[in-house]
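Asker: Pasting the sequence and the predicted model now:
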Amino acid sequence: EPEVTQTPSHQVTQMGQEVILRCVPISNHLYFYWYRQILGQKVEFLVSFYNNEISEKSEIFDDQFSVERPDGSNFTLKIRSTKLEDSAMYFCASSEDRGMSQPQHFGDGTRLSIL
Amino acid sequence: RKEVEQDPGPFNVPEGATVAFNCTYSNSASQSFFWYRQDCRKEPKLLMSVYSSGNEDGRFTAQLNRASQYISLLIRDSKLSDSATYLCVAYTGGFKTIFGAGTRLFVKA
């Protein structure tokens, strides 16, 4: 079964540094998403991406964050000037279509630890 | 009011029991609904979609009541492997997906 893959599985970074989280969505999927989950809390929507542009973003997704699809397969989340509170699990997801009968498939996440 | 609200539990049930989870959503424009399960420190995995007509997949039955803005999940004949957190998810149109905080289930031998 095709799957969403994320790298790295764990990223440890000093506060103030920039990090790039990588995702390879399922190949025939057209819609891509990033979520975060702070330990012990719920999954929070960050951003959705379609046709090489952001479709929607949450209040969390401020100027510190950016997303990019640099080639035909990768989908990245960049976090600039990381803060302690950015420590969380970051999940990438993809879907064939948006919502309706097409659910999102999740990667197994990148655990980001900011020191 | 939270956009998607779930009883956090935990629900502690013996193997073989039937257990039901409820979820309410506040945005009447929400279009699609799903149940995901999440194991500790793992990614959410789709369990099933939820339709107004109700749908069943083996031991799992999901139901949607749009009038009451209420979604349910019924698990019959619980297995130890059903122990997880169950996430209620509402798709609100556009591209935004809202997760509930989850209901924790522990199935005991």
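Answerer: That came in fine, so what should we check first? Computed from a prediction, not measured in an experiment: that's the story for all the values here.
Asker: Let me know the pLDDT of the residue nearest to residue B:102 when sequence neighbours are not counted.
Answerer: Counting by C-beta to C-beta, 6 or more residues apart in numbering or on different chains, residue B:85 is the residue found nearest to residue B:102 once chain neighbours are left out, at 4.1 Å. (Glycine included, C-beta is placed from N, CA and C.) At residue B:85, the model reports a pLDDT of 97.
Asker: same check, this time on residue B:1
Answerer: Residue B:1 is assigned a predicted lDDT (pLDDT) of 69.
Asker: do the same with residue A:113
Answerer: So residue A:113 comes in at 97 (pLDDT).
Asker: What of residue B:27?
Answerer: 86.
Asker: how about the helix or strand hosting residue A:21: buried residues?
Answerer: Taking DSSP states H and E as the criterion, residue A:21 maps to strand A:19-24. By 16 or more other C-beta atoms under 10 Å in any protein chain shown, the buried positions in strand A:19-24 come out as A:19, A:21-24.
Asker: which residues sit in contact with the residue nearest the centre of chain A?
Answerer: Chain A has residue A:34 as the residue nearest its centroid, 3.0 Å off, counting by C-alpha atoms, centre = their mean. Each residue near residue A:34 by C-beta atoms under 8 Å, 6 or more residues apart in numbering or on different chains is listed here: A:21, A:23, A:46-47, A:67, A:77, A:90-93.
Asker: Helix or strand with the lowest mean pLDDT in the chain?
Answerer: In the absence of a named chain, chain A is used. When each helix and strand of chain A is scored by mean pLDDT, DSSP states H and E, strand A:53-57 comes last, with a mean of 91.
Asker: wrong one, I was asking about chain B
Answerer: Every helix and strand in chain B was compared by mean pLDDT, DSSP H and E; the lowest is strand B:97-99, with a mean of 89.
Asker: and after it, which helix or strand comes next?
Answerer: Downstream of strand B:97-99, the next assigned helix or strand under DSSP H and E is strand B:103-108.
Asker: part of a strand, is the residue nearest to the centre of chain A?
Answerer: Yes. Residue A:34 forms part of a strand when assessed by DSSP: H, G, I helix; E, B strand; the rest coil.
Asker: Now the residue nearest to it when sequence neighbours are not counted: which helix or strand?
Answerer: Leaving aside its sequence neighbours, residue A:34 sits nearest to residue A:46 (C-beta to C-beta, 6+ apart; 4.3 Å). Per DSSP H and E: residue A:46 is located in strand A:44-50.
Asker: Could you do residue B:20 as well?
Answerer: Using DSSP H and E, residue B:20 sits in strand B:19-25.
Asker: Who are the packing partners of that strand?
Answerer: Contact here means 3 or more C-beta pairs under 8 Å, 6 or more residues apart in numbering or on different chains; DSSP states H and E; on that basis strand B:19-25 packs against strand B:4-6, strand B:11-14, strand B:70-75, strand B:84-91, strand B:103-108.
Asker: what sits up against that strand?
Answerer: Contact with strand B:19-25 is made by B:3-7, B:11, B:13, B:33, B:68-75, B:78, B:86, B:88, B:90, B:98, B:100, B:103, B:105, as judged by C-beta under 8 Å, 6+ apart.
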